[in-house]
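[1] okay, here's the prediction I keep looking at, along with the sequence it came from:
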Amino acid sequence: MKQEDQNLREPREDDKLEAEFHYEQNKILKWLDNYWYHYKWVTIITAFFVIVGLILVVQLVNKPKYDINFTCACSYRMNAAEYEAYEELVNKFLPEDYDGNGEKAVNIMVYEIFSEKEYEEAKSEAEANSSEFFVNAKYNADELKNFSQYSMMGESYLFMVSEHLYQQLKAGERLMPVSELYEGQDMPQGVTEDGYGVLMGQTDFYQKNSAAQVLPEDMILCVLRKAEFKQGSTDVERYNHAIDLFHAMVDYKAD
């Protein structure tokens, strides 16, 4: 048989047929593929901001709620255990649950700030004990800046500070005279000579509570004048609550 005839012969049942593969893409997948091609970066950027937004919302919802802000600034920073114990102590002295959420909670803002004198004293003490002492100058300057800025925001009116920081606040005419906080009443023990604060070391709050004694005894409790730029009812309440806690800490007499 000629070659041409072999190529033209009828196929037999046992002949293998070459399969034809037909691929038809799913319409949804086709749409997604087309969408991703045209809007890839828009989708990525949008998803990024949505995720960040969700994280912020979750943090806002879970953010602890406090009745009052209390600022503590000196050359000593409490460790975690000391802070927790001190926070628990101050919470007990808070007169009321002001926000009515069933829990008395004070937000204690802590700043670690050395004056030049405090630095030299700490350095000399360390050298006497054959040890080293170092203060990061930039960190110290940043802490002082943050403290100064926060004190002018009107978010906190009750301050417990070192002598150095107390003098700075007084020089700026930021402090309420204790006599105005005790108008018509006997003055408490421990009032500073200039009359703008109370030495914590002379109060029963300090002397009778070990949690308070982790901080230097010469720290001064004082109340800032109300911020003039804040006149809302919430700001007035915040200011009055600070005065209430001041009295609770200063007037406390142990049995």
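    Structure received. Quick caveat, the model's predicted, so the values are computed rather than measured.

[2] do a quick rundown of the helices in the stretch 51-200 of the chain.
    80-93, 116-128, 137-151, 163-171, 178-181 (DSSP state H, counting those that start in this stretch).

[3] lowest average confidence across those helices, which one?
    Ranked on mean pLDDT, the bottom entry among the helices of the stretch 51-200 of the chain is helix 116-128, at a mean of 86.

[4] what residues does that helix touch?
    The contact list for helix 116-128, computed with C-beta atoms under 8 Å, 6 or more residues apart in numbering, reads S75, F114, E132, F133, V135, S162, H164. Glycine gets a C-beta too; all of them are placed from N, C-alpha and C.

[5] so which of the helices of the stretch 51-200 of the chain is nearest M219?
    Checking the helices of the stretch 51-200 of the chain against M219 by C-beta to C-beta gives helix 163-171 as the closest, at 8.2 Å.

[6] and T203, how close does it get to R174?
    According to C-beta to C-beta, to the nearest Å, T203 and R174 sit 22 Å apart.

[7] higher neighbour count, those two?
    The residue with more neighbours, out of T203 and R174, is T203; 23 against 18, by other C-beta atoms under 10 Å.

[8] show me the contacts for that one.
    Counted by C-beta under 8 Å, 6+ apart, T203 has contacts P188, Q189, G190, L221, M249, V250, Y252.

[9] tell me, how many residues neighbour the last one?
    Burial of Y252, expressed as a neighbour count using other C-beta under 10 Å, amounts to 15.

[10] where does it sit: helix, strand or coil?
    Assigned with DSSP: H, G, I helix; E, B strand; the rest coil, Y252 falls in the coil class.

[11] surely it is in contact with V90?
    No: if you go by C-beta atoms under 8 Å, Y252 and V90 don't touch, sitting 11.5 Å apart.

[12] got a list of what F114 touches?
    Contacts of F114 (C-beta under 8 Å, 6+ apart): S75, A122, V135, N140.

[13] now for these: which two are most distant?
    Spatially, the most separated pair among the contacts of F114 is A122 and N140, at 11.8 Å (C-beta to C-beta).

[14] point out where the chain drops to low pLDDT.
    1-26, 55-64, 229-233 (pLDDT under 70).
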